[in-house]
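A.B. asks: here is a sequence together with a model predicted from it:
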Amino acid sequence: MLLEINPSNPQNRLISRVVETLEKGGVIAYPTDTTYGIGCSIFNKKGIERIYTIKQREKKKPFSFICSDLSDIARYAKVSNFQYKVMKRLLPGPYTFVLPASSIVPDLLVTKQKTVGIRIPDNTICLSIVRSLGHPIITTSANRSGEEPIGDPAEVERYMGRQLDLVVDGGNLSTAVSSVVSLINDFPEVLRKGIGDVSWCE
C-alpha cells in the first residue's frame, strides 16, 4: 500500500500512521536522501528476519540503521571526540558511518568486530518517522541483494509491495547509495564510495 507524504512538510497524522505500523511490528519502505530504503524498528527481531528474506541477503551481513541526530548516535555507538567532529560536519547527509557498537544495540545488528553502521539521512520524512518512533529503524536499499536500488515508490510497490506492510511515497528519488566510511580507532577508511564526498578521508 502506498502512503503519499509531503516531502517538505510531512503531515503529522500520516507520520503517526507510519509509526503505528512500525510499532505493530511492520516492515516499511521509505525515502532517504539517496534512494528508497526498507526498514523496521531495530528492536523488531521478526521484522529484521523478514527484511533478510525480502532482500535475499546473507545473515552474516548486519544491516545499518538510522538515528535521528548526533545525541541519538551516542546512545547506540561509542563516539570519540574525533568521530563526533567528523559526523557533526557531514550529517545529516549521504553517509553511513561505522562505529563501535554500544551495549544496547541488538546482536543481529552488530558485526563480529562489535561495530555498527549508522546513518542520519538528509530527508525530512525519514527523520520525522525516526523521531516520532523514539528509536532507530533499519536501513537497507529497496532491492534484492545484487540488484539495482529503486528510486520510484510506485516501482517499489509493484516490485515488493506484497512483502511490505507500507510503502511511504516521498516522491521520486535517485538510485544512488550512501558512502560508507569506517571511523574505527579515529582512522577514516572508505568502505564504499557513494554520493557522499570522501575526499576528506585521503
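C.D. replies: Sure thing, it's come through. Since this is a predicted model, take the numbers as computed values, not measurements.
A.B. asks: can you pull the phi/psi pair for the residue nearest in space to the middle of the chain?
C.D. replies: Centroid-nearest residue in the chain: Thr139, 2.6 Å away (criterion: C-alpha atoms, centre = their mean). Dihedral pair for Thr139: phi -130, psi 120, per degrees, to the nearest 10.
A.B. asks: I figured it hits Cys40, correct?
C.D. replies: No. Counting by C-beta atoms under 8 Å, Thr139 does not reach Cys40; the two are 10.3 Å apart. Glycine gets a C-beta too; all of them are placed from N, C-alpha and C.
A.B. asks: can you pull the phi/psi pair for Val177?
C.D. replies: Dihedral angles for Val177 - degrees, to the nearest 10 - are phi -120, psi 160.
A.B. asks: ok, how many other residues are close to it?
C.D. replies: 18 (other C-beta atoms under 10 Å).
A.B. asks: the nearest residue to it once chain neighbours are set aside and Thr35, how far apart?
C.D. replies: Leaving aside its chain neighbours, Val177 sits nearest to Gly194 (4.3 Å; criterion: C-beta to C-beta, 6 or more residues apart in numbering). To Thr35, Gly194 is 10 Å away according to C-beta to C-beta, to the nearest Å.
A.B. asks: common neighbours of these two, please.
C.D. replies: Common contacts of Gly194 and Thr35 (C-beta atoms under 8 Å, 6 or more residues apart in numbering): 176-177.
A.B. asks: more neighbours, the two?
C.D. replies: Higher neighbour count among Gly194 and Thr35: Thr35, with 23 against 17, using other C-beta under 10 Å.
A.B. asks: got a list of what the more buried one touches?
C.D. replies: By C-beta under 8 Å, 6+ apart, the contact list for Thr35 reads 141-142, 149-151, 173-177.
A.B. asks: again, 6 Å this time
C.D. replies: Residues near Thr35 by C-beta atoms under 6 Å, 6 or more residues apart in numbering: 141, 149, 151, 173-175.
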